[in-house]
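S.K.: can't give you the sequence, but here's the structure:
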Ligand code: MN
């Protein structure tokens, strides 16, 4: 096993220090005890990358400190694999650490047993996740941290496994993290998964974005002082002005939403300037000042304070023609809004009553209640279930099936051609028609969630029709059609 010198060994001291920073009253002895317990349980066990297993436990706990999780969650993060991976009994965990932590470890273990495969399993997985959230929201948060650390060490797995795990993250974990408002973690999960699911597109996007980023960050450095000066004229004293880089997968999604080709044209928020101020009134005053000096672009002023996003994201956004005509997006918010956008449901955690806190948060998630209610309604079929999920969580995506029942996740408006190219580029090249739910349909028919799609193949067909470019929706299909058309000439 080759160790790259990039591998940094995590330590329990690091975890303890991070916890103290945001929760000075935390019981550090208890956390250390959990570490010792996990250390001896996993002793001698190695991860596939050659590291001691405890590194995974520490990595998971460290991710949890980054969203300021309470002591019980950190402890359960350290212990999350001792039952399933090291053969410790659940009773032992409960005896040592109490019922609350045992429940968290048990919950994470249950989620660990689900695998992404086929639509029935998919819905079943989702159901389990929602049940886990309803039980104690900290379970799913530990699972996110666990998965994030697994993604970071995904390189050593065989490609098929990498793809399964990465797909599961994009289609299951990230949308839920998003719905819970845990913005940073969602972005990180997506970016690493993106690299494995679409390696070529990932590289293309990185190569396009990198040079622009540097340019833009340098420019924003020069703007910061100007912004501060303008603000001081009205007496607004910002807490912080920082530039924030958009996550790669979000950039990619925006690109394909904007049109056919992968281009950064029209994407103005690669790097945005984020201004954190004291009060809501300061937010609006700041917006006013910016507009006084720099002309806003039409349709780019968003007031997510008056109208928060469904996941409760709040902020003011505006895109302006800044100094020298450079286009810049500004995001203006209070510290509270900023914390909420990073930690989501985990923001403002009341450490004094952590267990109850989790229940309180769950009660506020009405969408979760709706979904769980539906889950208990007899006679609700998968299609309806997915439909309701789509409305709430998976906006602008549809789920369709192969005749064998494998689920394929496509953007809304996708056609059998997109489906065929998703399956394989040779299926795409040779497709001549489709049976959608057993009905013979043309290749430009928009698919709906729940459709079973059977592609009809013309064996001797060598190349796709250029017409397909007019209705294919996914970047994947369009890129492959163009490439195959080029091959022929
Ligand atoms: Mn794990």
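M.R.: Yep, that arrived. None of these values were measured; they are calculated from a predicted model.
S.K.: so what's the nearest residue to residue 279 once chain neighbours are set aside scoring on pLDDT?
M.R.: Closest residue to residue 279 in three dimensions, ignoring its sequence neighbours and counting by CB to CB, 6 or more residues apart in numbering: residue 334, at 6.4 Å. Bear in mind the C-beta positions are built from the backbone N, C-alpha and C, glycine included. Residue 334 is assigned a predicted lDDT (pLDDT) of 96.
S.K.: got the contact list for residue 334?
M.R.: By CB atoms under 8 Å, 6 or more residues apart in numbering, the contact set of residue 334 is 276, 277, 278, 279, 280, 282, 283.
S.K.: at 7 Å what do you get?
M.R.: Contacts were defined as CB atoms under 7 Å, 6 or more residues apart in numbering; by that measure residue 334 touches 276, 277, 278, 279, 280, 283.
S.K.: then residue 323?
M.R.: Per CB under 7 Å, 6+ apart, neighbours of residue 323: 223, 226.
S.K.: show me what from the stretch 51-200 of the chain comes close to the ion.
M.R.: 81, 146 (CB under 5 Å from the ion).
S.K.: the strands in the stretch 301-450 of the chain, which residues?
M.R.: Along the stretch 301-450 of the chain, the segments classed as strands by DSSP state E, counting those that start in this stretch run 302-303, 316-321, 327-334, 397-401, 407-411, 431-436, 439-441.
S.K.: distance to the ion added to those strands, as JSON lines?
M.R.: Below are those laid out as JSON lines (distance: least, CB to the ion, whole Å):
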{"stretch": "strand 302-303", "distance to the ion": "38"}
{"stretch": "strand 316-321", "distance to the ion": "37"}
{"stretch": "strand 327-334", "distance to the ion": "34"}
{"stretch": "strand 397-401", "distance to the ion": "27"}
{"stretch": "strand 407-411", "distance to the ion": "25"}
{"stretch": "strand 431-436", "distance to the ion": "40"}
{"stretch": "strand 439-441", "distance to the ion": "44"}
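S.K.: does residue 82 really touch residue 39, like I thought?
M.R.: No. Using CB atoms under 7 Å, residue 82 is not in contact with residue 39, being 10.1 Å away.
S.K.: the helix or strand that residue 33 is a member of packs against which elements?
M.R.: According to DSSP states H and E, residue 33 maps onto helix 28-41. Judged by 3 or more CB pairs under 7 Å, 6 or more residues apart in numbering; DSSP states H and E, helix 28-41 is in contact with helix 12-22, helix 54-66, helix 71-79.
S.K.: again, only this time at 8 Å
M.R.: helix 12-22, helix 54-66, helix 71-79, helix 90-112 (3 or more CB pairs under 8 Å, 6 or more residues apart in numbering; DSSP states H and E).
S.K.: just those helices: most buried one?
M.R.: helix 71-79 (a mean of 27; mean count of other CB atoms under 10 Å).
S.K.: now the angle between helix 12-22 and that one, please.
M.R.: Interaxial angle, helix 71-79 versus helix 12-22 (axes from the mean of the first three to the mean of the last three CA atoms, to 10 degrees): 160 degrees.
S.K.: who's more crowded, residue 82 and residue 39?
M.R.: Neighbours per residue (other CB atoms under 10 Å) separate residue 82 from residue 39, with residue 82 holding more: 25 against 16.
S.K.: now the more buried one, what are its backbone angles?
M.R.: Main-chain dihedrals, residue 82, degrees, to the nearest 10: phi -70, psi -30.
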